[in-house]
Each structure stands twice: as structure tokens, then as C-alpha cells.
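S.K.: output the structure for:
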Amino acid sequence: MKTVIIGGVAGGAAAATRIRRLNEKAEIILIERSGYISYANCGLPYYLGGVIENRSDLSVQTVEGMKERYRIDVRIHQEMIHINRDRHTVTVHDLLNDTEYEESYDRLLLSTGAHPVIPDMEGVNLPGVFTLRTVENTFAIDDYIDIVKAKNVVVIGGGFIGLEMAENLIHRGMEVSLLQRGTQVMNILDEDMASFVHTTLRENGVNLILNADAQKIEQDADGLLVSLKDGCRIKTDLVILAIGVIPETSVARDAGLTAGIKGALVVDDQMRTNDPDIFAVGDCVETVHLVNGAKVHIALAGPAVKQARVAADVICGKDTHYKGQIGSSVMKLFDQTVSACGMSESQAKRSGIACDSIVLTPSDHASYYPDAAVLIMKIVYEKETMRLLGVQIIGEKGVEKRVDVLACAIYNGMSGDELWQMDLCYAPPYSSAKDPVNVAGAILENIAEGVLQTFDWKQLELLMKDPDAQIVDVRTQSEYETMHIKGMHIPLDELRDRIHEIPKGKTVYVVCQSGLRSYVACRILHAYGYECSSLSGGLRFAMHVLNDVHYSRETHPCGMDR
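M.R.: Sure, this is the predicted structure:
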């Protein structure tokens with residue numbers, strides 16, 4: 001059996017080594033367009049920030065290592081330009097010698113990845129304008145910064161790469177302006193959770209400019225000039241385009257392979273294309289989202305490796321199937337960790353799912369143990385069944401641990417009210433007797449049983465404008481004096497004695513700092529015959545979000561320079 005693999009990195013390299021482990025006699029050819037077959041794609045921004053110091057550390061596996069350990073025929077600086085399905089061959093262009101040849105295959109595996117989105121904008125080809133996708137891109141940016149002694153940079157795009165570049169170039173000592181076309185960065189998050197990312201960026205010196213529609217990049221005497229639609233112009237030494245990626249499938253589509261979302265190849269659950277002898281994995285394919293069953297294109301290394309294993313298994317005769325993905329992801333952003341999996345509330349609603357969410361802000365470990373830090377957690381669930389749909393968590397420590405637990409729950413179709421019984425690790429340095437995941441489950445069980453009704457920051461915004469709304473703040477006097485909104489103030493410990501001050505006949509909307517005391521207050525009010533609703537996440541969360549949303553919805557020319 002002869003397998004030709006097009007593309008290395010996560011998918012292609014993983015498939016090649018898996019095939020070898022399953023079949024010592026298989027003929028395996030790996031063709032890679034760049035000079036690197038297996039490198040730390042996700043580590044590229046950290047090299048530019050100096051966290052990863054040596055260029056050689058970016059290579060997970062070398063050409064020589066792959067050949068010696070796995071006896072794989074590795075060919076770098078070569079590019080597939082045609083798939084000849086009728087002859088079971090591929091036409092390959094040797095980029096170094098500028099020659100072409102045909103290579104036959106029994107099975108062809110495509111791991112061609114994706115290429116950066118280049119906007120239709122004047123100036124994107126100027127010196128000093130870069131994308132970041134390959135090791136070569138990384139070294140080119142690094143060299144350019146040193147050559148021109150760049151002091152400032154404009155990053156266009158607020159996804160993973162854009163934010164990681166912003167952080168790492170700040171660490172490098174540069175002034176960073178981050179341009180985002182919409183009202184929030186990180187579209188995998190809901191706008192309320194994204195507001196905390198905005199705060200982290202601003203607090204760490206990033207000039208975050210939302211509603212920034214870049215129109216043109218020009219060369220001037222001092223470097224580059226980025227012009228926005230609103231007339232703002234930003235001088236810079238360097239521009240990084242981090243707008244997103246498009247599946248690299250043009251050759252495959254020309255050969256008649258079926259494509260779907262964004263031109264990504266359509267594959268079955270064994271990673272076969274519509275040609276039974278051609279497989280595809282990684283950023284060049286569309287897969288199934290396990291939450292709603294929809295076709296999605298999610299460009300992440302983890303799924304690529306799993307898909308590669310499935311394809312390699314099937315090529316070697318095993319009956320392995322890929323179930324799908326839920327988009328589990330995590331990112332370091334200065335001193336914060338941002339992580340999510342499943343669907344956001346906005347994504348779920350766009351998919352037609354009747355859903356709701358809760359927000360909670362527990363400590364990452366026992367509050368009496370030193371250095372406890374707050375986790376900001378948002379759990380999205382299906383109203384009728386309480387099925388978990390997604391989670392978003394931001395905090396300093398313990399974030400990815402909880403997201404991984406909840407990813408397992410979502411992957412296995414658990415309902416949110418089951419979470420409170422999960423048997424999770426506990427010791428004061430790591431968690432509390434009621435882990436934040438258990439706390440979320442307890443809240444969801446209360447909602448499922450009708451013990452708790454909640455309202456969110458959007459509803460609070462409307463209630464604050466309603467003169468007839470009955471809002472009761474149960475925080476302490478000092479908390480109330482520090483910050484408060486319209487409504488009555490009755491501290492929780494005085495509620496039973498002063499409950500007669502609250503008129504009956506309409507819903508009482510109770511607020512506190514984090515949501516715990518308002519829940520306790522609602523149980524007291526319910527016992528006295530009141531209809532009551534508790535503010536999910538509390539005032540601390542809601543007011544932060546409202547302040548950021550109001551700020552972000554406005555257009556602020558040139559961000560900090562306005």
C-alpha cells in the first residue's frame with residue numbers, strides 16, 4: 001500500500017506516523033510546501049514575544065528525524081498542483097528546482113490546511129505588512145522588526161492570532177494598536193464575556209480600537225499609514241493581518257472533490273472525501289458540531305490530530321469513526337486565561353435552539369487558602385431539557401481544568417443539573433469542597449426544579465429604565481455606597497425584619513454583588529409569598545459588561561488617541 005500525504009504540521013505528520021505504527025511495510029510519502037514538516041504552529045506568536053527563545057524549538061519533528069525514526073519519504077519545498085484522480089497520481093511542483101513530476105498513490109491524504117484571509121484593500125502587499133501562519137512568516141516578521149527597529153505595530157483582527165500577537169509584541173516592548181471591525185474581539189465568546197477580554201487588553205497597554213474598518217495601508221516617509229473608514233489614520237512601523245483563515249482546497253476542488261463551508265472539503269465520519277481513495281483532515285475540511293449537528297469549519301490543531309488518526313486507521317483497514325467536535329479552545333492573554341467549548345449563547349440562538357444561560361463568579365480554590373482568584377463562568381443550556389450547550393470561562397488559574405470537565409460533559413450529552421453530583425478533586429490549593437463545576441450544577445438544578453428564577457444584564461439594563469420596576473439591592477451599606485443602581489436597598493441580614501417595606505403584586509428583582517445573596521434573598525421572599533428573580537452573575541458582572549458594551553458600541557476614532 002502506498003499513501004501520499006499532502007501537507008505536514010498537525011494533521012499530515014500525525015497521519016504519517018500513525019500509518020507507520022500500524023503498518024511497518026507501508027510506503028508513505030509526505031509532501032510539504034514549506035521547509036518545515038511538523039512545527040508548533042500555535043507557538044509562533046510566543047517566539048516573536050521572546051517566550052520561546054530558539055528558532056529550533058519551533059520544530060516538533062525534523063525532516064531527518066521523521067525519515068530516520070519512521071522511514072517516511074519526506075519531501076519539503078514541494079507543492080501539489082494537480083490531482084489526477086483517473087490515474088491515481090498527483091502532479092507535484094518542486095519549488096527549489098522549478099520542475100514538475102507525477103507521483104502515484106493507492107491512497108491520498110490531504111492535509112493542506114488553510115491560508116490567511118487577505119482583505120481586498122490597497123496596500124496589503126507593501127513591505128512591512130505580514131500574515132502569521134508559517135515558520136517562515138514568523139522569521140520574516142522577526143527579522144523585519146529588527147531591521148527597521150520597529151517601535152509600534154497595528155494588528156488587524158481580534159481572533160486568537162490577533163490577540164496572541166498583541167500580547168507578545170507588547171512583551172517585546174512595542175506599542176500595539178489592535179483593530180477589530182465589530183464591537184467585540186473573540187467571536188467564540190458572547191459580548192458579555194468578551195468585555196472582560198477588552199479590559200485585559202486595555203489594562204496591559206493595548207490600544208484596542210473597536211468598530212475599526214481598515215480601508216487602506218499606505219507607505220509614508222516614516223513607515224506605514226493605516227486609514228480607517230471613519231477618517232482616522234494610524235502611523236505604524238508594521239502591520240499584522242490576522243483576520244482569519246480560508247481552507248486551502250483549490251487544487252482538490254479543481255479535481256472534483258466536493259466542498260462546503262468556506263470551500264472546506266466535505267468528508268464522512270471516516271474522513272473520506274467523495275472519492276473513496278482520497279481522505280482529508282485538519283483545517284481544510286468541514287466537520288459536524290456535536291451540539292447541534294450542523295456542519296462547521298473549526299481550524300484547531302487538536303481536532304486535526306484526531307482526524308488524522310481516524311484517516312490513518314481507515315487507510316490501514318481499521319473501522320474507526322470521527323464523532324465531531326465542540327470547538328474546545330484556550331488562550332493565554334497576559335495574566336488571564338480565556339477558554340470556551342460548545343456553543344455560545346448567541347451561536348445557539350442563531351441555530352434556533354431555545355436556550356438560556358447562567359453566570360457565576362466562584363473562586364478557583366478555597367477562599368481561605370492564599371492567592372484565591374475569581375473565575376468568571378458562563379454556562380449555556382437548552383431550556384426544555386437542561387442539556388449543556390456551551391461554556392466560557394475567564395480567570396487567572398484553574399480555567400482550562402473546568403472547561404475540560406465541562407467539555408467532557410457536553411461531549412457526552414449531559415444535562416446541566418447533573419453537574420452538582422460530579423465527583424471532582426478537592427484540596428484547598430486546587431478547589432473547594434463544592435468545585436465551581438458543582439456550583440454551576442447546583443444553580444442549574446435549582447432552575448430546573450423551579451427553585452430559582454434569574455434575569456441577566458440585558459434585562460437589568462431595561463429594568464433600570466422602567467420606573468415601575470421593583471429592584472431590591474441586598475448588599476451591605478458599604479457596598480451600596482460604593483456603587484448602586486435605582487431601587488430599594490435592604491441588606492440581606494435585615495430582609496426578614498423589613499420585608500413589609502416591599503410591595504406585593506409584582507416581581508421583585510433582587511441584586512447583590514455576585515448572585516449568591518440575591519438567591520438567598522429570593523428564597524426568603526418566596527417563603528413570604530413574593531414572586532422573585534435573582535440577577536445572574538451579580539452587579540459586579542452586570543455593571544462591568546454594561547459599561548464596556550456602551551463604550552464599545554460607540555465609535556472611538558483611533559482608540560486611546562481619541
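S.K.: for the residue lying closest to S367 once chain neighbours are set aside, phi and psi?
M.R.: Spatially, and ignoring its direct neighbours in sequence, S367 is nearest to S432 (7.5 Å; C-beta to C-beta, 6 or more residues apart in numbering). All C-beta atoms are positioned from the backbone trio N, CA, C, and that covers glycine. Note on S432: its backbone torsions stand at phi -120, psi 170 [degrees, to the nearest 10].
S.K.: equivalent analysis for the one 10 residues further on, please.
M.R.: Main-chain dihedrals, A442, degrees, to the nearest 10: phi -60, psi -40.
S.K.: quick one: residues contacting it.
M.R.: The contact partners of A442, by C-beta atoms under 8 Å, 6 or more residues apart in numbering, come to 419-420, 434.
S.K.: and if we set it to 10 Å?
M.R.: A442 makes contact with 360, 417, 419-421, 434, 451-452, according to C-beta atoms under 10 Å, 6 or more residues apart in numbering.
S.K.: next one: E494
M.R.: So E494 contacts 474, 477, 501 (C-beta under 10 Å, 6+ apart).
S.K.: residues touching the residue nearest to S367, list them.
M.R.: Here S432 is in contact with 362-369, 372, 426, 438-439 (C-beta under 10 Å, 6+ apart).
S.K.: I'd like to know how many residues surround H500.
M.R.: 8 (other C-beta atoms under 10 Å).
S.K.: quick one, which of the contacts of E494 are buried?
M.R.: Buried members of the contacts of E494, scored by 16 or more other C-beta atoms under 10 Å, are V474.
S.K.: possible to save the contacts of E494 as CSV with distance to T17, pLDDT and secondary structure?
M.R.: Converted to CSV, the contacts of E494 look like this (distance: C-beta to C-beta, whole Å; pLDDT from 0 to 100; DSSP: H, G, I helix; E, B strand; the rest coil):
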residue, distance to T17, pLDDT, secondary structure
V474, 59, 98, coil
Q477, 65, 97, helix
E501, 71, 97, helix
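S.K.: now the helix or strand hosting I447: how far from the chain's centre is it?
M.R.: According to DSSP states H and E, I447 maps onto helix 436-448. Offset of helix 436-448 from its chain centre (C-alpha atoms, centre = their mean, to the nearest Å): 24 Å.
S.K.: partners of the helix or strand just after that helix in the sheet?
M.R.: Proceeding N to C from helix 436-448, the next assigned helix or strand is strand 454-455, under DSSP H and E. Strand 454-455 sits in its sheet next to strand 532-535 (parallel), going by DSSP bridges.
S.K.: from the contacts of S432, which single one is nearest A521?
M.R.: Taking C-beta to C-beta as the measure, A521 lies nearest V439 of these, at 17.8 Å.
S.K.: next, count neighbours for the closest one.
M.R.: Look at V439: counted by other C-beta under 10 Å, it has 18 neighbours.
S.K.: wait, it sits on M422?
M.R.: No - look at V439 against M422 with C-beta atoms under 10 Å: they stay out of range, at 11.1 Å.
S.K.: look up how far G282 lies from the closest residue in space to A301 that isn't next to it in sequence.
M.R.: Leaving out its chain neighbours, the residue that sits closest to A301 by C-beta to C-beta, 6+ apart is A10, at 4.4 Å. A10 sits 6 Å away from G282, going by C-beta to C-beta, to the nearest Å.
S.K.: which neighbours do the two share?
M.R.: In contact with both A10 and G282: 111, 113, 300-301, 303-305, 307-308, using C-beta under 10 Å, 6+ apart.
S.K.: before we move on, back to that, contacting residues for the residue nearest to A301?
M.R.: The contact partners of A10, taken as C-beta under 10 Å, 6+ apart, are 38-42, 60, 111, 113, 281-283, 300-308.
S.K.: what sits up against the strand or helix carrying G65?
M.R.: For G65, the host element (DSSP H and E) is helix 63-70. The contact list for helix 63-70, computed with C-beta under 10 Å, 6+ apart, reads 8, 13, 16-21, 24, 28, 30, 32, 35-38, 59, 61-62, 72-76.
S.K.: what does the pLDDT read for the residue nearest to Y381 when sequence neighbours are not counted?
M.R.: Of all residues not flanking Y381 in the chain, G416 sits nearest, at 4.5 Å (C-beta to C-beta, 6+ apart). With respect to pLDDT, G416 has a value of 95.
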